[in-house]
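Undergrad: only geometry, no sequence info:
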């Protein structure tokens, strides 16, 4: 059974409508799925056609996965915004902590950087402190 590529030159005629459709980062979106579905329907065995409920099941699964991905993206944005709000409240406060060697440090927070691993406070003396368990924050 020959199935043409979903990204071949014949499918690029719909590029004007694809600019308004949000693309998923996984590489398969609704347009690609529908192109594959149409190719599958065109090339199926006419004496033994596929059940339409299978098509609807595949489409529902794709829709669910895409909705979950969009929800995760929005949740990540919300968490980043919340981290920035909390970081703003820490600047100028005094923090104290004990490192892995048992040495105690204390200082005023000069800046906060938010990374994918978490937040890191930079004290006025240049010391970098991971914001998390073991960090004591006090009013200056």
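TA: Nice, I can see it. For clarity, every value in this text was computed on a predicted model and none was experimentally measured. Residues are numbered from 1 along each chain as shown.
Undergrad: mind checking how far residue 116 is from residue 83?
TA: According to CB to CB, to the nearest Å, residue 116 and residue 83 sit 11 Å apart. For every residue, glycine as well, the C-beta is placed using N, CA and C.
Undergrad: What are the boundaries of the helices in this structure?
TA: 15-18, 30-42, 52-90 (DSSP state H).
Undergrad: tell me the most buried of those?
TA: helix 30-42 (a mean of 15; mean count of other CB atoms under 10 Å).
Undergrad: Tell me how far residue 86 lies from residue 133.
TA: 15 Å.
Undergrad: What of residue 47?
TA: Distance from residue 47 to residue 133, by CB to CB: 66 Å.
Undergrad: Hey, what's the angle from the longest strand anywhere in the chain to helix 52-90? Just curious.
TA: Criterion DSSP state E: the longest strand present in the chain is strand 104-115. On the basis of axes from the mean of the first three to the mean of the last three CA atoms, to 10 degrees, strand 104-115 is oriented at 140 degrees to helix 52-90.
Undergrad: partners of strand 104-115, with directions?
TA: strand 94-98 (antiparallel), strand 118-123 (antiparallel) (DSSP bridges).
Undergrad: gap between that strand and the chain center?
TA: With CA atoms, centre = their mean, to the nearest Å as the basis, strand 104-115 stands 27 Å off its chain's centre.
Undergrad: Can you check the pLDDT for residue 6?
TA: Note on residue 6: pLDDT of 45.
Undergrad: Ok, residue 73 next?
TA: In this model, residue 73 carries a pLDDT of 89.
Undergrad: how much space between it and residue 114?
TA: Distance of residue 73 to residue 114, given as CB to CB: 17 Å.
Undergrad: how does the chain divide into domains?
TA: By the assignment in automatic domain parsing, the chain contains the domains 28-43+52-89, 91-138.
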